[in-house]
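Visitor: Sequence plus predicted model, see below.
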Amino acid sequence: MPFSSYTARGITATERHEELTDGVALLVIEFEPPHHSPDAPVLIFVAGWISLRTAWDPVILELASRYRVLYVESREKGTARVPSRSKIEFTLDRMADDVRDVVDGCIPEGTSFWLLGSSLGSTAILHHLSRPGREPDGVIVVAPNIRFDLPWWLWPFMRLAPAAFFAWLRPILKWYIHVRLDKTSEPEQVSRYAAYLDAADARRLKKNAWAIRHYSLLDRLPAITTPVTVIAGRSDLLHRLDEVEDMVSRLPSATLEVMESNRATHSAAAGRFMVDVIAKSRRRIGVKTSAPEGADAPAIPRPEDGP
């Protein structure tokens, strides 16, 4: 069962599609904890580029044990319902609009919420925050991309080759990932991205890659005044630590948490760190809750904790 690890902890999971202002409908998986404080924030988690939800299960399990979580799959994935017309965009500007649309469509006015994301999802969140709109209580992003430096030799394939050519290009992309990443310290990341490529929607991936090939978040960073916690992996070569550090230095209100690897940023420990960040923020601003949260909350039994 796809959600058996959640139901074992008393977490309910439901799937639906949220229609956006341009007609695209994104898959939203809603996780409801067994004991939900009515004054607790809702967490919106926007996944990374062509990623699979299962890669984030250890993190989402920790978050959903305390909070209502909306896991949002971005528009380049095969789970999105995309109208069959050529004007549908896959730019970062449009993906930032997607974040806005999900907030407006899923979070009632006056409801506390946080934005969380990874990789391309993180970049879309930060792009969204650089524009006027509803303000979240806080933001936690994992390995955000400040720019997308796609290799020049991919451009002709993205521009001229039909989507069906992706079947031939996939092994080359896997080889490129093997070359770029440290297979000794990040074997899980190598395997994870290979699985992402196997599951990717070729037509949407092509359009998305072409649309973001020259993108840079750099000039937008000073406009982001929301408190941001950034998580990075020291040995993650696809999301270089020096670039993430530079990004954090340009954000008006940001803190950096460095974990050892990409694997660590996808772990249960990373999920518990996020829970603690949210709880500490709420205590700092004096929010009184009807049930304990974060590190002070009673632990929800896990199957692996049994005798």
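Guide: Now that the structure is in, tell me what you want to look at. Owing to the predicted nature of the structure, the values given are computational and were not obtained by experimental measurement.
Visitor: Can you list the low-confidence ranges for the protein?
Guide: 1, 85-86, 149-170, 172-190, 192-200, 237-238, 287-307 (pLDDT under 70).
Visitor: so where do the strands sit in it?
Guide: 12-19, 25-32, 42-46, 69-72, 113-118, 138-142, 228-233, 254-259 (DSSP state E).
Visitor: Let's have those strands in a markdown table, adding mean neighbour count and distance to Arg94.
Guide: All C-beta atoms are positioned from the backbone trio N, CA, C, and that covers glycine. Shown next, in a markdown table, are the strands of the chain (neighbours: other Cβ atoms under 10 Å; distance: least, Cβ to Cβ, whole Å):
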| stretch | mean neighbour count | distance to Arg94 |
| --- | --- | --- |
| strand 12-19 | 14 | 15 |
| strand 25-32 | 19 | 12 |
| strand 42-46 | 24 | 13 |
| strand 69-72 | 24 | 14 |
| strand 113-118 | 26 | 16 |
| strand 138-142 | 26 | 19 |
| strand 228-233 | 24 | 22 |
| strand 254-259 | 16 | 25 |
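Visitor: okay, the ones you listed in CSV with distance to Val248 next?
Guide: Converted to CSV, the strands of the chain look like this (distance: least, Cβ to Cβ, whole Å):
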stretch, distance to Val248
strand 12-19, 31
strand 25-32, 28
strand 42-46, 19
strand 69-72, 24
strand 113-118, 16
strand 138-142, 10
strand 228-233, 5
strand 254-259, 5
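Visitor: Look up how far His214 lies from Thr229.
Guide: Thr229 sits 28 Å away from His214, going by Cβ to Cβ, to the nearest Å.
Visitor: just so I know, which of the strands of the chain lies nearest Leu205?
Guide: Leu205 lies closest to strand 25-32 among these, at 16.0 Å (Cβ to Cβ).
Visitor: Mind giving me the packing neighbours of that closest one?
Guide: Other elements packing on strand 25-32 under the criterion 3 or more Cβ pairs under 8 Å, 6 or more residues apart in numbering; DSSP states H and E are strand 12-19, helix 57-64, strand 69-72, helix 92-106.
Visitor: So for Asn145, which of the ones you listed sits nearest?
Guide: helix 92-106 (9.6 Å).
Visitor: and the closest one with strand 42-46, angle?
Guide: Per axes from the mean of the first three to the mean of the last three Cα atoms, to 10 degrees, the angle that helix 92-106 makes with strand 42-46 is 150 degrees.
Visitor: picking that back up, export the helices and strands packed on strand 25-32 as CSV, with columns for distance to Leu129.
Guide: Output for these, formatted as CSV (distance: least, Cβ to Cβ, whole Å):
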stretch, distance to Leu129
strand 12-19, 20
helix 57-64, 20
strand 69-72, 16
helix 92-106, 9
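Visitor: Would you mind telling me which of these is nearest Pro33?
Guide: helix 57-64 (5.7 Å).
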